[in-house]
Each structure stands twice: as C-alpha cells, then as structure tokens.
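Q: Kindly return the folded structure for what I paste below:
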Amino acid sequence: MTTQTMTTQTGESALGDLLRTWRTRRRYSQLALSSETGISTRHISFVETGRSRPSSEMILRLAAALDVPTREQNRMLLAGGFAPAFPERPLDHDDLDAVRSAVREVLVAHEPYPALAVDRLWNIVDANAGVRALTALASPTLLEGQVNALRLTLHPDGLAPHLVNLAQWRESVLAGLRRGAEARGDAQMFALHDELAAYEVPGASDDQAQGGGQVFVPMVVRIGDDVLTFLSIISTFGTPVDVTVSELAIETFVPADDTTRRWLGAHVPLTEDS
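A: Numbering: from 1, shown residues only. Sure thing, here's the model as predicted:
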C-alpha cells in the first residue's frame, strides 16, 4: 500500500466520522438524510464507513442538509481530499471593506443605545459609544487586548457586580452559549462556557425575582443611583459565503423603559459620523 493510498483512506475515514457526528448531532437517521438529499442510504452508509469517496458536491449537499456551519463544511471537504469551498479572510481584509462599513453603520446608527459586533467566540470586533458607557464599569484589565463580551459581562471584575438580575442574566447567557456550542460542535465555545460557568458570582447583586409576565430576560444594570433595563437583539448576515462573515453577529441593546432611554441620551456622546 502506497503512502498516497494510506493518506486517502485516512481522509475518507475522517470524513465518515465527521458526517456521522453531524448526522447524529442533528438527530437525522440515514433514511431521513437520504430523503432530504436524494442520496441513497446505501451510499451515505458507505461514506460514513469509508467504503465510498464522495465528490465535493455531494459533501456540500450533505452538509447543507445538516446545516453544518461553513467552518465545519470546509473541514469536511479537507477530510474528503478537497479544497475548502468557503474563504476565511481576516476582518481587516480589503475584500471585507463593505462588511466592516455595514457593521459600523449599524452600530453608529443605533447610538446612543449600546451595540457591538462579535465573532463566534463573542470577541468584540467593533462597538459604539453606548457600549463604552457600560464597559466603563469594568476593571481596565478586562479591557486590554482582545475583549470578550461574555467574559466582560460575567467576570467578577466586569459588569457582574453591577447587574441587578445577575443570576437570571447569567443563566440565560450560559444557556445560549451552550446551545451555540452544541449546534456548532465547537470545542472553543464549550471551553468558554466552562470558564464563564466557573466564575464566582459576586454577592453584591440584588437579584430580581423572575416575573411570571416576562416575555424576555432583560439585562438590568445599576449605575450609581440609576437602574437601566435593556432588551438584547442579535442579528447576523443573511447570505454569507465567507467563514469570518458567517460567524459575525451584531448585538443591539434597546431600552426597555423611559428611564434607560433618558439616561443614555444624557450620558452617551454620539460618534461624530452619526
């Protein structure tokens, strides 16, 4: 057996493992996946066991049916011996000028209300003046280098001591992060979840009881004598074909009451180009 043949078989075996993992994660039987894609159950079985080498088109068809993220679709293609289908450019790449401009426009247009753009691990890639008004509550050490929005929110030296409903917000954030990690099969997201879950919960929080009439979990922040209440909305790009763009999200915070609206209007200086 030649080295080339051994390498090919190893790739096919890895592809089969990946396909089976994603099929199981999405709770698809081979029969259901066959019905969705028009590929026979026999062929799907052969791909999963490494007995058949699919084309790149077939890999992408299977991945699309299973709603596999673009990053993982590239991984499946590489395992099958093909080049990635989706480029992964850094956000500062010239080709992403329009993306950066669109993100900045949305953030600035939302002022004085807070809004930020994050990657899949919730690292902040851009933020507006409203966000800076809130992050001023955190320790400067958490604002050095790459700033992580969830770490900044739940860390004992971050916003956590200032969140009136910390336990409720923390539970919502961790549950959302875990759902995202499970949907993507992302080890780094699971690691971030475990890190955040291990943080000591500051005892200074005056936690609010969850009202039976609530329709969303608010973020309630105490700043001095003022209590600000926000509704969070998360948006993504609709038709991304770049890994970086597919993983970008914009989180906007909307005032849930007039007190919050007035405070932001009085304390957040608007960006010049707004």
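
Q: which residue ranges form the strands in the stretch 151-274 of the chain?
A: Ranges of strands in the stretch 151-274 of the chain, per DSSP state E, counting those that start in this stretch, are 219-223, 226-236, 249-255.

Q: So which of these is nearest Ala181?
A: Distances from Ala181 to each of the strands of the stretch 151-274 of the chain were compared by CB to CB, and the smallest falls on strand 249-255, at 14.5 Å. For every residue, glycine as well, the C-beta is placed using N, CA and C.

Q: Can I get the closest one in PDB? Just the C-alpha atoms.
A: Only the C-alpha atoms of strand 249-255 are listed here, as PDB (Å, rounded to 0.1, in the frame of the first residue of the first chain):
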ATOM      1  CA  ALA A 249     -23.100  38.800  14.900                       C
ATOM      2  CA  ILE A 250     -24.300  42.200  16.000                       C
ATOM      3  CA  GLU A 251     -25.900  42.500  19.400                       C
ATOM      4  CA  THR A 252     -28.000  45.600  19.900                       C
ATOM      5  CA  PHE A 253     -29.400  46.700  23.300                       C
ATOM      6  CA  VAL A 254     -32.800  48.500  23.300                       C
ATOM      7  CA  PRO A 255     -34.000  50.500  26.300                       C
END
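
Q: what stretches of this structure score poorly on pLDDT?
A: Applying pLDDT under 70 to the predicted model, the residue ranges of the chain that meet it are 1-13, 203-214, 273-274.

Q: again, 50 this time
A: Counting by pLDDT under 50, the chain shows low-confidence ranges at 1-12, 204-205, 209-212, 274.

Q: where's the most centrally placed residue in it relative to Arg184, distance?
A: When the chain is reduced to its mean C-alpha position, the nearest residue by CA atoms, centre = their mean turns out to be Arg120, at 3.5 Å. In this structure, Arg120 and Arg184 are separated by 7 Å, where distance is defined by CB to CB, to the nearest Å.

Q: mind listing what Pro112 touches?
A: Ala129, Gly130, Leu264, Gly265, His267, Val268, Leu270 (CB atoms under 8 Å, 6 or more residues apart in numbering).

Q: For it, give its distance to Leu163.
A: In this structure, Pro112 and Leu163 are separated by 20 Å, where distance is defined by CB to CB.

Q: residue contacts, the residue nearest to the centre of the chain?
A: Residues counted as contacts of Arg120 (CB under 8 Å, 6+ apart) are Gly180, Arg184, Asp186, Met189, Glu247, Ala249.

Q: again, only using 6 Å
A: Listed by CB atoms under 6 Å, 6 or more residues apart in numbering, the contact partners of Arg120 are Glu247.

Q: That one and Val99, how far apart?
A: Taking CB to CB, one finds Arg120 at 15 Å from Val99.

Q: Could you do Gly158 as well?
A: 28 Å.

Q: between the two, which one's more packed in?
A: Gly158 (25 against 19; other CB atoms under 10 Å).

Q: Hmm, that one is touching Thr141, no?
A: No. Counting by CB atoms under 6 Å, Gly158 stays clear of Thr141, with 9.8 Å between them.

Q: Pipe the strands of the stretch 151-274 of the chain into CSV and attach mean neighbour count and distance to Arg51 per row.
A: Compiled in CSV, those are given as follows (neighbours: other CB atoms under 10 Å; distance: least, CB to CB, whole Å):
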stretch, mean neighbour count, distance to Arg51
strand 219-223, 20, 52
strand 226-236, 16, 38
strand 249-255, 19, 40
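
Q: Any idea which of those strands gets closest to Ile39?
A: Each of the strands of the stretch 151-274 of the chain was scored for nearness to Ile39 using CB to CB, and the closest is strand 226-236 (28.7 Å).

Q: can you list contacts of the closest one?
A: By CB under 6 Å, 6+ apart, the surrounding residues in contact with strand 226-236 are 216, 218-221, 249-254, 256-257, 260, 263.

Q: Output it in PDB with nothing but the alpha carbons.
A: Presented in PDB, the C-alpha positions along strand 226-236 are these (Å, rounded to 0.1, in the frame of the first residue of the first chain):
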ATOM      1  CA  ASP A 226     -29.800  54.700  38.200                       C
ATOM      2  CA  VAL A 227     -31.100  51.300  37.100                       C
ATOM      3  CA  LEU A 228     -31.000  50.700  33.400                       C
ATOM      4  CA  THR A 229     -33.000  47.900  31.700                       C
ATOM      5  CA  PHE A 230     -32.200  46.600  28.300                       C
ATOM      6  CA  LEU A 231     -33.700  44.100  25.700                       C
ATOM      7  CA  SER A 232     -31.000  42.300  23.700                       C
ATOM      8  CA  ILE A 233     -31.400  41.600  19.900                       C
ATOM      9  CA  ILE A 234     -28.900  39.600  18.000                       C
ATOM     10  CA  SER A 235     -28.500  39.900  14.200                       C
ATOM     11  CA  THR A 236     -26.400  38.100  11.600                       C
END
